[in-house]
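J.: Pasted the sequence and its predicted model underneath.
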Amino acid sequence: MKPTFYITTPVYYVNDIPHIGHAYTTIAADVLARYHRLTGSQAFFLTGTDEHGQKVQQAAEKQGVAPQAYTDNIVTRFQSLWKTLTISNDDFIRTTETRHTKVVREILDTLLKNGDLYENAYEGWYCLFDERFWTAKDIVAGNCPDCHRPVEQIKESNYFFRMGQHQDWLIKYIKSHPGFIRPDTRKNEVLGFLQQPLGDLCISRPKSRLNWGISLPFAKDYVTYVWFDALVNYISAIGYLNNDAEFTTWWPANIHLIGKDILTTHSVYWTTMLHAIGLEMPRSIFAHGWWTVDGEKMSKSRGNVVDPTAMAHEFGVDAFRYFLLREIPFGQDGDFSKSAMIQRVNSELANDVGNLLHRSLTMIERFAGGVVPLPKPSQDGNLEREIQETVGRMKDRLDTHLKALEFHRAIEEIWRVVELGNQYIERSTPWKLAKDREKHENLENVLYTQMEILYWLTLFFYPFMPQTAKAMATQLGITLHFSNPLLETPRWGMFPSGTTTAKGTPLFPRIETASVNLTPEIPVKPAPTSEIPLISIEDFMKIQLKTGKVVAAEAVPKSKKLLKLQVDIGIETRQIVAGIATKYTPEEIIGKLVIIVANLKPAKLMGVESQGMVLAAGDKEVEGLLSVVTSVEPGTKVK
């Protein structure tokens, strides 16, 4: 029996149109699903939409339509985007579907009968944006600690899930399963969250306040809390309580792929829900980072929200897919800019890959009449052996990197083959061999080897750039059924000699920056007269400022001014030496949110290495540290 692979994205909330964050998660899931199919696994890829809740109800009211009509319209935009981005999902679930609502209601009934639900009057601070309650100690200056929007006080009777009784079990489970929550920074974040008492979860909303949701089966005046409802999709879509054979085939999921903003709901709410109903945990929950745009957080008010459909139309679907997974390590935050994308397209896709294919097919046409010859004795055995060995090891390396969700590392491995292919052409000089009749067999071997390299690149590229892979196969003159396990057992010599090639247009035409509007035109005001030395915006943009949280501090021996700080900047903890000891003690600085220069070259102060600089105000002496007014996550870029 084939091994199985079940991967999910979140069900995306339909209070707004899809953006780059939705595309990022879904493209990553698509790459993994395609790769597992290509290597012999039976894969199931689930995505969908989350359609209940107060924000949806209010958005529908603003448009003067019923919630169902509103969601029907938004859902088509997600489905259309997935089609544009060539997403290969096996199912698309909507939380308004009967198959889903039925499972939610049955689970609620089960939890009530088992004593895991209870009714209680509750008074607390409610965040409409997150649709969740907070206690008084959680809120910050009257705002939600997550989204920093104002909260309102609400008192009402509701039903609660006894989530707190699973806290000790959950802590032990996370610690004993190292790959359960990834990357490690997110695991540590969850364990830190669980150091505080875990309260029970309010899983209902009164219909007097919200009527757009799944009704509780045992209390007709209440609907289900949107997060309790939404999370169940991962099992309702695969036949839970309806089709045991289907469900046991796929559950537990191999990977829940999510954004870091919904880490708590998946790693705490969902896991305790599963534990309460007696189901296995998913094998892994992976929370990736966010995209900023030219160093700024995306927002409609700034007008910098990246439309993935527009990017796909402007630069090409596969170029967009490639850039998102090539540009940054998956799990970290990244910055999106058109100029960076153009650089990738021109230097890597057009110059490296496109040129390799076009040159190789041109030489097949010129020197072999467009027909791929039989391989003959080698002219450059060492390089050919290196190419063959690299291809032979490729599956193991791709397995390793994609299991770790290191998409950029996997692409780097593939690029090694691209580089070897271009080196091979330059070293074998087929244009010289064609002039020497005695070296005709060497020429035929070179031409065949070029085709074999391109054959394997077609397979390696397929999960990342499926349209490109199909276009390459067409130009190579071969038919590949990518749903088959073509990478199950790689071996050299797969390209069928005698094939007639069909060179087409270049895969990736170079993008001329003059034809692309990289940034909106902003009027430039004359610089004021000043004694302060002026720098250009280009110079300033080289500086990377980030927020960081001081997690440890100690005095530097023999120094009155220096403190050695350990600063959490989201993806790592940096050691920074700062001259702030005249203003702050080590105890005072711990826990403070500071701003650091993140791309400063390491330097030693009093023999202690410093990996950055903390920004502070003051002329001769430090008078205060620079921070931000609103609390943000460590690692947030400062612009």
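T.: Happy to help now that I have it.
J.: Which stretches in the stretch 201-350 of the chain count as strands?
T.: 201-202, 204-206, 215-216, 219-224, 255-259, 285-288, 291-293, 296-297, 334-336 (DSSP state E, counting those that start in this stretch).
J.: Give me the buried stretch members for the last one, please.
T.: If you call a residue buried by 16 or more other CB atoms under 10 Å, then strand 334-336 has these buried ones: 334, 336. Heads up, the C-betas are built off the backbone N, CA and C, glycines and all.
J.: Give the other helices and strands that that strand contacts.
T.: Counting contacts by 3 or more CB pairs under 8 Å, 6 or more residues apart in numbering; DSSP states H and E, strand 334-336 packs against strand 291-293.
J.: ok, back up a step: any idea which of the strands of the stretch 201-350 of the chain gets closest to residue 607?
T.: For the strands of the stretch 201-350 of the chain, the distance to residue 607 is smallest for strand 334-336, at 34.8 Å, taking CB to CB.
J.: rewinding a little: go through the strands of the stretch 201-350 of the chain and pick out the most buried.
T.: strand 285-288 (a mean of 24; mean count of other CB atoms under 10 Å).
J.: How far off centre is it?
T.: Here strand 285-288 is found 8 Å from its chain centre; the criterion is CA atoms, centre = their mean, to the nearest Å.
J.: Dump that strand to CSV, keeping only the CA atoms.
T.: Taking Å, rounded to 0.1, in the frame of the first residue of the first chain, the C-alpha atoms of strand 285-288 are listed here in CSV:
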residue,chain,number,x,y,z
ILE,A,285,1.9,22.1,13.2
PHE,A,286,4.1,24.5,11.3
ALA,A,287,3.6,28.2,11.7
HIS,A,288,5.3,30.4,9.1
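J.: returning to what we had before: out of the strands of the stretch 201-350 of the chain, which is closest to residue 460?
T.: strand 255-259 (21.0 Å).
J.: Contacts made by that closest one with the rest, please.
T.: 7-10, 21, 25, 28-29, 32, 234, 266, 270, 282-290, 405 (CB atoms under 8 Å, 6 or more residues apart in numbering).
J.: repeat that for 7 Å
T.: With contact meaning CB atoms under 7 Å, 6 or more residues apart in numbering, strand 255-259 is reached by 7-10, 21, 25, 28-29, 234, 266, 282-288, 290.
J.: for stretch 545-565, same thing?
T.: Contact with stretch 545-565 is made by 566-569, 573, 575-582, 586, 589-598, 605-606, 608, 614, 628, 632, 634-638, as judged by CB under 7 Å, 6+ apart.
J.: end-to-end on stretch 606-623?
T.: Taking CA to CA, to the nearest Å as the measure, stretch 606-623 stretches 22 Å from start to finish.
J.: right, I mislabeled it, should have said stretch 262-273
T.: Start and end residues of stretch 262-273 are separated by 16 Å (CA to CA).
J.: what is the rounded mean pLDDT of it?
T.: Average pLDDT, stretch 262-273: 97.
J.: that older thread, out of the contacts of strand 255-259, which end up buried?
T.: Buried among those by 16+ other CB under 10 Å: 7-10, 21, 25, 28-29, 234, 266, 282, 284-288, 290.
J.: Filter those residues down to the ones in helices?
T.: Within these, residues falling in helices by DSSP state H are 21, 25, 28-29, 234.
J.: With distance to residue 383 and pLDDT as extra columns, can I get those in TSV?
T.: Below are these laid out as TSV (distance: CB to CB, whole Å; pLDDT from 0 to 100):
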residue	distance to residue 383	pLDDT
21	43	93
25	40	97
28	34	98
29	37	98
234	48	98
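J.: List just the nearest of the residues you listed to residue 129.
T.: If you rank those by distance to residue 129 using CB to CB, residue 21 comes first, at 15.7 Å.
J.: Beta-bridge partners for the nearest residue to that closest one once chain neighbours are set aside, please?
T.: In this structure, residue 21 finds its nearest non-sequential neighbour in residue 259, 5.9 Å apart by CB to CB, 6 or more residues apart in numbering. Note on residue 259: beta-bridge partners residue 288, judged by DSSP bridges.
J.: can you pull out the strands in the stretch 51-200 of the chain?
T.: Using DSSP E, counting those that start in this stretch, strands in the stretch 51-200 of the chain cover 91-94, 117-127, 132-134, 152-161, 181-182.
J.: Any idea which helix or strand in this protein has the lowest mean pLDDT?
T.: Sorting the helices and strands of the chain by mean pLDDT, DSSP states H and E puts helix 537-540 at the bottom, at a mean of 62.
J.: Next secondary structure element downstream of it?
T.: Per DSSP states H and E, the first helix or strand lying C-terminal to helix 537-540 is strand 545-555.
J.: what's the offset of that next one from the middle of its chain?
T.: Worked out by CA atoms, centre = their mean, strand 545-555 lies 27 Å from the chain centre.
J.: Helices of the stretch 251-400 of the chain, start to end?
T.: 263-264, 271-276, 308-315, 317-327, 338-344, 355-368, 381-403 (DSSP state H, counting those that start in this stretch).
J.: any chance of those helices in CSV, with mean neighbour count and distance to residue 255 too?
T.: Converted to CSV, the helices of the stretch 251-400 of the chain look like this (neighbours: other CB atoms under 10 Å; distance: least, CB to CB, whole Å):
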stretch, mean neighbour count, distance to residue 255
helix 263-264, 18, 14
helix 271-276, 20, 15
helix 308-315, 17, 22
helix 317-327, 23, 15
helix 338-344, 17, 26
helix 355-368, 19, 33
helix 381-403, 16, 10
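J.: CSV for those helices, including distance to residue 444?
T.: Shown next, in CSV, are those (distance: least, CB to CB, whole Å):
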stretch, distance to residue 444
helix 263-264, 57
helix 271-276, 60
helix 308-315, 38
helix 317-327, 32
helix 338-344, 35
helix 355-368, 7
helix 381-403, 13
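J.: Which among these is found nearest to residue 103?
T.: helix 271-276 (12.1 Å).
J.: What helices and strands are in contact with the closest one?
T.: Counting by 3 or more CB pairs under 7 Å, 6 or more residues apart in numbering; DSSP states H and E, the packing neighbours recorded for helix 271-276 are helix 167-176.
J.: what residue ranges in the stretch 201-350 of the chain are flagged as low confidence?
T.: Across the stretch 201-350 of the chain, residues meeting the criterion (pLDDT under 70) sit at 301.
J.: Number of residues surrounding residue 568?
T.: Residue 568 has 21 neighbours, counted by other CB atoms under 10 Å.
J.: who are the neighbours in contact with it?
T.: So residue 568 contacts 548-549, 551, 634 (CB under 7 Å, 6+ apart).
J.: same thing but at 10 Å, please
T.: Neighbour list for residue 568: 185, 188-189, 547-552, 574, 593, 633-635 [criterion: CB atoms under 10 Å, 6 or more residues apart in numbering].
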